[in-house]
Structure formats: structure tokens, C-alpha cells
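Novice: Build me a model:
(4 chains)
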There are 2 protein chains.
Amino acid sequence: MDSDAARVLVVEDDQVLRTCIEEGLVDAGYQVRSASDGSGFAAVVENFRPDVAVLDVMLPGSSGLTLARHLRDHTQTSVLFLTARDAVADRLAGFDAGADDYIVKPFVMAELLARTRAVLRRSGKLRSGRLQVADLLVDEDAGEVIRAGRPIAVTATELRLLTYLARNRGRVLSKTQILTQVWGYEAYDPNLVEAYVSGLRRKLEANGERLIHTVRGVGYRMSESTPRMRAS
Amino acid sequence: MDSDAARVLVVEDDQVLRTCIEEGLVDAGYQVRSASDGSGFAAVVENFRPDVAVLDVMLPGSSGLTLARHLRDHTQTSVLFLTARDAVADRLAGFDAGADDYIVKPFVMAELLARTRAVLRRSGKLRSGRLQVADLLVDEDAGEVIRAGRPIAVTATELRLLTYLARNRGRVLSKTQILTQVWGYEAYDPNLVEAYVSGLRRKLEANGERLIHTVRGVGYRMSESTPRMRAS
DNA sequence: TCTTTCCCTCAGGAATCCCTCAGCTGGGAA
DNA sequence: TTCCCAGCTGAGGGATTCCTGAGGGAAAGA
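Specialist: Sure thing, here's the model as predicted:
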């Protein structure tokens, strides 16, 4: 499992954020190495040979853009930039330097994971992130949701929620758990989850039975059908 | 049993609540250590190396958020926050993503146990939460109750009670004990327990023999069959 | 800039759950 | 047998939880 796990290199100077990212990636099954700045970058890249690098654009010393150019020139490593919201110029410069994608701070862990997967998949370093529950197919990387052969249009937030539910299919997830994992701590109103579940249901149930079940007083569970197993 | 029991660290300044949580976790088979504030936190973490930390957000001295950051920086410990209902927005807003779940006070011990297990399972530190008594299967993770292959619909409270009974199968539990663990009441109307046991029996015994036995004058015991103590 | 889409909030209504009450049942002792 | 009391259980009201349509504000796209 570990040997063919993708390798991710994180360079981020804010220690709290860096550790946070690191753990999120480790939890997701990646091999991770991290650094707070660009010192010794070439050596780390040489040794660790990351499949993807998550780089903060603003770094003390050499900027993330410089590191990205180094990667583009010397490796096949994909690049994922972290950038502040108002630094629009950074985005353009980032793509010029060979970035594969970028994420605007502040962001939710689920988004970073999704983007990382997408980048890895595009470069052929990861098998597809497809999840299936009954006749529902969620292609996280492609951002596609298909039920009974018919594509269903979902928004970015709906996709994150659906992915989280599908990945934990068969388990009850509390609303607070969903809020922390899908929305982060900016949101706290359980009704937010309810509203999104409601929207998802309307879209999903147009072509089939209910997949997102309410467990009153506990949370939601995604599963094939109401536990109607075989009777004797 | 103890050596592979998960380790839980509790930090809560209210002594009554802390002791309560501690006992509940110990009863559930965890190794527990607790503290009333963040002093010496790093040392405790270093020595005890908890799998999960239950942290009160509001603490004298350093807040639970600070402790959580320390954990993120130095360990792989999962975090479960305790917070007052009206403080959720204030205290958690702006906190960098990554905590695993939070529980709003006031809460019931059974819920804390359920959430703790969910967090541990997510990080692969715990075996599945399935309990079996005779042909009754209580799947706490899925929120499902199945008897003889047939699913049985139970409410959240019924599930908490049933889980508590099943986890302590073979042992006699007093009504006071049940009220404390399942409802969080110190002392209350025993009829509340009686009423719920009654409801559970009706649902469970539709498909089989009695599993929740009355021990007159003492309490209830869940077990496969009536132990025929002194017959003759 | 203008339009479209999306995200989140709000509030009313529906569903159902929780707990209480009161009458009943049955075991055990005198 | 009779009495007493712990335990059982159906009914119902208040409270909670959940669902969902509508709308404002913000971001994205044209």
C-alpha cells in the first residue's frame, strides 16, 4: 500500500497550515514530505522524487514560482500552488511557471485532496478516483456524477459532499462531522447540511431510489437501500 | 486487551464533567488520561501518545484550540472538541481546518463514546463497532439493528440504550446506571428506562426470543437466554 | 459592466421523537 | 389466598428534528 502510494512534497512556511496539510495527505494515504522554505529544495526533490508538489507561492527566500520552474525544468513532478485570494497576478504567473492547478487560501482540506487527486490522475500517476454506490457513479477527479447512465450536474460543494458521503458509504455521519470535513470550521449550522442533502436528493432521485438516508437524531448515511437484507 | 486498547486524552476543566467522561471511556475499554488544563500538555502527550484527544474549547490558560494546534504540529492524534452550543461560531470560526468532529454541550456519554469510536475508526485505530448477542446484530457505525437477517427500525435513543446493553451483555445494569450512561441524568424516573425497554422488547421480540431480561429489584441484563440459576 | 450561477441563511410546516402519566400485570411474601 | 410493590405498557402532548422553497449577497463568467 505504501510502496505504490503517490508521493507528495509540501512547501509551506506557516507551520500550522503545513502540518495540517501534511496530516490530511497522510490520512488520505499519500507518502508526504514537507519543508518550510526552499532551502535544500533540489536535494529533497532528488531524493524523494515527488509525484506532485504543493507549493505556497509566497515563501521566505526563493518564491514558490522559482521552485516550480526548477521542477518543470528538471523533473516530471506536477505542481499545485497555494495562493492568497487577492493575489490574482500570482495565478497567471503560476501557470506560466508550469503549475497544474492552484488553490486559493483559505481552503478546505477536502478541496486540497480533490485537487491533488485530480492532478495526479491527469498525469497518470494515480488510478481513477471513482466511487460507486448502487447505480450511482461519482468521478471525483473528472467532477462527474452519473446515475443510471445519465450525467447529473452538481456544483462544487455538492460534489465535495457527495464524495464524502460515498467514500464513507454504509456509515452514519453526523452533521458536525460532515461540516468539519466538507466545509471546515467556517460553517456550523446543521441546516446547511440539511439544505445540501435536500438539493442532492432532488437531483439524484430523479433517476432512482433514495441513496442518502436520514438517521434521525444521528446524521446521514449513504447506502444502497434501506437495510432490507435478505429475509432468511 | 489493555495493550491494544486505544488511548484517549481528556482535557476538561470542569472536574465533575471530566471525571464523568473519564469513567465512561474507561468503562468502554479505553486507556484514559486526563488533565484540567493545558499545563504540561506537551509532556503528557509525549509520554502517553494518545490516539485521540477530547478537548474542551474553553479552558483556563491556553484554549483547546491551542492544544489542538500543538497536536497537529507534533503528533498524529485525532481531535474531538467539546463546545457550548452558542460558542460554536465564535470559537471555531477561523480555526484552520482539520479537526475530526465536535460535540455540543450538553451531551450524553453514549454519544461521546459513539463519536470517539467513529474518529478512531476513521484513523484505523479501532476495530469495527459491531456488537452481537445471539442473532441480534447492532452495528453502531451504520446505525443499524438487524435480527435474524431483518432490519429493525430504532430511534436514536433506542439505539444508544441497545448499544449500552449489548456492550455490557451478561451483566446486570441498574436503572440508575442506565440513566446515567444513556441519558446523562444523575437520578431520574426509572420508568423512563422501563418504557424504553418495553419499546425495544416489542421491536426485538417480533423476530425471536427475549434478550433483555428483567432482574427484579436490580435492573436489566442482556443475554442470549435466561440463565436458569436455581431451578428445581 | 452585466449576467449567471452558486453559496448560505431564513422561516414555516411536517414528521416523529421523547417523556410523562395512569392504569394494569404479575411475582413474592405474609 | 391476599396484599403490596416493582415493573409493564398504551396513549398523548410538547418539543425537537428535519425538509424545502425563497431570497440576498458574493463570486464567476461573458
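Novice: Return the set of buried residues in the helix or strand harbouring residue A:68.
Specialist: Taking DSSP states H and E as the criterion, the element that holds residue A:68 is helix A:64-74. Going by neighbour count (16 or more other C-beta atoms under 10 Å in any protein chain shown), the buried part of helix A:64-74 is A:64-65, A:67-71. To be clear about C-beta, it is placed using only N, CA and C from the backbone, and glycine gets the same treatment.
Novice: go on, stretch A:29-43?
Specialist: Buried residues in stretch A:29-43 (16+ other C-beta under 10 Å): A:30-36, A:38, A:41.
Novice: So which of those residues are in helices?
Specialist: Using DSSP state H, residue A:41 are the members of the buried residues of stretch A:29-43 that sit in helices.
Novice: quick one: which of the buried residues of stretch A:29-43 is nearest to residue A:156?
Specialist: residue A:30 (22.2 Å; C-beta to C-beta).
Novice: And the pLDDT at the closest one?
Specialist: pLDDT recorded at residue A:30 is 84.
Novice: Which stretches in chain A count as helices?
Specialist: Going by DSSP H, chain A shows helices at A:15-27, A:41-48, A:64-74, A:88-96, A:109-122, A:156-167, A:175-178, A:190-204.
Novice: so the fifth one versus helix A:156-167, what angle?
Specialist: In this case it means helix A:109-122. Using axes from the mean of the first three to the mean of the last three C-alpha atoms, to 10 degrees, the inter-axis angle of helix A:109-122 relative to helix A:156-167 is 80 degrees.
Novice: Okay, residue A:119 and residue A:102: tell me how far apart.
Specialist: As judged by C-beta to C-beta, to the nearest Å, residue A:119 and residue A:102 stand 10 Å apart.
Novice: list residues touching both of those two?
Specialist: Common contact partners of residue A:119 and residue A:102 (C-beta atoms under 8 Å, 6 or more residues apart in numbering or on different chains): residue A:80.
Novice: So which of these two has more stuff around it?
Specialist: Here residue A:119 and residue A:102 are compared on neighbour count by other C-beta atoms under 10 Å in any protein chain shown; more neighbours surround residue A:119, at 24 against 19.
Novice: surely that one meets residue A:99?
Specialist: No. Residue A:119 is not in contact with residue A:99 according to C-beta atoms under 8 Å; the separation is 9.5 Å.
Novice: Could you tell me which residues of chain A lie near DNA strand D?
Specialist: Counting by C-beta under 7 Å from any atom of the strand, the residues of chain A close to DNA strand D are A:104, A:175, A:190-191, A:194-195, A:197-198, A:201-202, A:214-219.
Novice: how far away is residue A:82 from residue B:148?
Specialist: Counting by C-beta to C-beta, the gap from residue A:82 to residue B:148 is 54 Å.
Novice: neighbour count winner among the two?
Specialist: More neighbours surround residue A:82 than the other of residue A:82 and residue B:148, with 25 against 14 (other C-beta under 10 Å).
Novice: my read: that one touches residue A:55, true?
Specialist: Yes. Between residue A:82 and residue A:55 there is a contact at 6.8 Å, judged by C-beta under 8 Å.
Novice: Overlap of the contact sets of these two?
Specialist: A:12, A:64.
Novice: okay, now the domains of chain A?
Specialist: A:7-123, A:130-222 (automatic domain parsing).
Novice: what is the mean pLDDT for the shortest one?
Specialist: So the one you mean is domain A:130-222. According to the model, domain A:130-222 has a mean pLDDT of 91.
Novice: Next: stretch A:5-22.
Specialist: Stretch A:5-22 comes out at a mean pLDDT of 85.
Novice: now it, how far from the chain's geometric center?
Specialist: 14 Å (C-alpha atoms, centre = their mean, to the nearest Å).
Novice: Show me what counts as buried in it.
Specialist: Neighbour-count burial for stretch A:5-22 [16+ other C-beta under 10 Å]: A:6-13, A:16-22.
Novice: From residue A:112, how far out is the nearest residue to residue A:166 once chain neighbours are set aside?
Specialist: Leaving aside its sequence neighbours, residue A:166 sits nearest to residue A:131 (C-beta to C-beta, 6 or more residues apart in numbering or on different chains; 4.1 Å). Computed as C-beta to C-beta, the residue A:131 to residue A:112 distance reads 18 Å.
Novice: Which one of the residues in chain A is closest to chain B?
Specialist: Here chain A gets closest to chain B at one residue, residue A:217, 3.0 Å apart by C-beta to the nearest C-beta.
Novice: Can you report phi and psi for that residue?
Specialist: In terms of degrees, to the nearest 10, the main-chain angles of residue A:217 are phi 80, psi -10.
Novice: Once you drop chain neighbours, what's closest to it?
Specialist: Closest to residue A:217 by C-beta to C-beta, 6+ apart is residue B:156, at 3.0 Å.
Novice: now swap in residue A:151 and tell me
Specialist: Closest to residue A:151 by C-beta to C-beta, 6+ apart is residue A:144, at 6.4 Å.
Novice: Dump the helices of chain A into a markdown table; add distance to DNA strand C as well.
Specialist: Putting the helices of chain A into a markdown table (distance: least, C-beta to the nearest atom of the strand, whole Å) gives the following:
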| stretch | distance to DNA strand C |
| --- | --- |
| helix A:15-27 | 19 |
| helix A:41-48 | 34 |
| helix A:64-74 | 26 |
| helix A:88-96 | 13 |
| helix A:109-122 | 10 |
| helix A:156-167 | 3 |
| helix A:175-178 | 12 |
| helix A:190-204 | 4 |
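Novice: May I see those helices organised as JSON lines, with distance to residue B:165 added?
Specialist: Shown next, in JSON lines, are those (distance: least, C-beta to C-beta, whole Å):
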{"stretch": "helix A:15-27", "distance to residue B:165": "34"}
{"stretch": "helix A:41-48", "distance to residue B:165": "52"}
{"stretch": "helix A:64-74", "distance to residue B:165": "56"}
{"stretch": "helix A:88-96", "distance to residue B:165": "58"}
{"stretch": "helix A:109-122", "distance to residue B:165": "37"}
{"stretch": "helix A:156-167", "distance to residue B:165": "30"}
{"stretch": "helix A:175-178", "distance to residue B:165": "25"}
{"stretch": "helix A:190-204", "distance to residue B:165": "29"}
